[in-house]
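**Student:** Okay, structure incoming, though there's no sequence with it:
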Ligand SMILES: [Ca+2]
Ligand SMILES: [Ca+2]
Ligand SMILES: [Ca+2]
Ligand SMILES: [Ca+2]
């Protein structure tokens, strides 16, 4: 799976070798561009695409017998001049991105707009950004070039994991909850399985929600990405096994799991370089008592969070509380 597999280069500089002089090639160091500047540029580029392209909505609305339920984009021109542009069918959302995520020296936090299209609503619920999802997907550039995908066999993604810095998939992970999963997995008994009524959609992401300045084999730096997705099924995930589903460890509720670290101070004070966000930390307040022993889970799986000293902070995140 390329999206996970792709190495991320957090190098602050791109080195360009110029061979103008045969004897001693010049090395030109190009600093990374500002997140805010690229975000504005990418948004204009994506909007231009959405204004000039449509998808095969006619087929989704009145599916031909042999319809394969694949989203196909095309330009609005010629025979298709009267098609409804994507810009009128997508929805948009914002994600706040810190320049720290890309190791940029210019510190800024920039709101990024992404766009998504629900071509077919799935039968069941939406995943959270902390869930694992079973999907088929295809990744493309706005030029129509396909750089990646798993469109035959479904593949599991741990959204919380690929959301993290250096993965180049923050937008992919955070846009996924806009889609819904299908019905139950029905085993055909011959090694195959089907999922009825799975969700089908697409997302249009600025590069700040992808790889930004880190060019990949087939993705140039600062390039918006398009993903089409079939969302089959979902699994709720408790990454650190502390009894609290990871989504509930997004303490500030902003949908980003890497900026919630209750005991960051203690982790800094210890000589270790390790930093564990709450969803990856078995003792969230570093008080020596495991989170699992500071929460209560009844036989039905309902979780309660005792707050012994009544200060509004549950024991598992409260160092004051013994
Ligand atoms: Ca958060
Ligand atoms: Ca921690
Ligand atoms: Ca935890
Ligand atoms: Ca604890």
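**Tutor:** Happy to help now that I have it. On a predicted model such as this, the values are computed, not experimentally measured, just so you know. Ligands and ions are numbered 1, 2, ... in the order given.

**Student:** For the protein, which segments are assigned as helices?
**Tutor:** 2-5, 35-52, 57-61, 159-163, 170-175, 264-269 (DSSP state H).

**Student:** starting at the chain centroid, how far to the longest one?
**Tutor:** In terms of C-alpha atoms, centre = their mean, to the nearest Å, the gap separating the centre of helix 35-52 from the centre of its chain is 19 Å.

**Student:** ok, residues contacting that helix?
**Tutor:** 75-76, 85-87, 90, 97, 99, 102, 104, 106, 108, 110-113, 115, 142, 204, 206-208, 212, 222, 224 (C-beta atoms under 8 Å, 6 or more residues apart in numbering). All C-beta atoms are positioned from the backbone trio N, CA, C, and that covers glycine.

**Student:** Mind checking which of the residues you listed are buried?
**Tutor:** Applying 16 or more other C-beta atoms under 10 Å to the contacts of helix 35-52, the neighbour count classes 86-87, 90, 97, 99, 102, 104, 110, 112-113, 115, 142, 204, 206-208, 212, 222, 224 as buried.

**Student:** residue contacts, residue 286?
**Tutor:** 262, 263, 266, 267, 319.

**Student:** Based on its surroundings, how many neighbours for the first one?
**Tutor:** Spelled out, that is residue 262. By other C-beta atoms under 10 Å, the residues close to residue 262 number 23.

**Student:** who does residue 134 bridge with?
**Tutor:** residue 156, residue 233 (DSSP bridges).

**Student:** And the pLDDT for it?
**Tutor:** Note on residue 134: pLDDT of 95.

**Student:** Surely it and residue 154 touch.
**Tutor:** Yes. With contact defined as C-beta atoms under 8 Å, residue 134 and residue 154 form a contacting pair (5.0 Å).

**Student:** got any residues that touch both of the two?
**Tutor:** Here residue 134 and residue 154 have residue 232 as joint contacts, going by C-beta under 8 Å, 6+ apart.

**Student:** looking at the sheet around residue 227, what are its partners?
**Tutor:** With DSSP bridges as the rule, residue 227 is bridged to residue 139, residue 203.

**Student:** you'd agree it is up against residue 176?
**Tutor:** No. Taking contact to mean C-beta under 8 Å, the distance of 9.3 Å between residue 227 and residue 176 leaves them out of contact.

**Student:** okay, those two: which has more neighbours?
**Tutor:** Ranked by neighbour count (other C-beta under 10 Å), residue 227 and residue 176 place residue 176 first, with 29 against 24.
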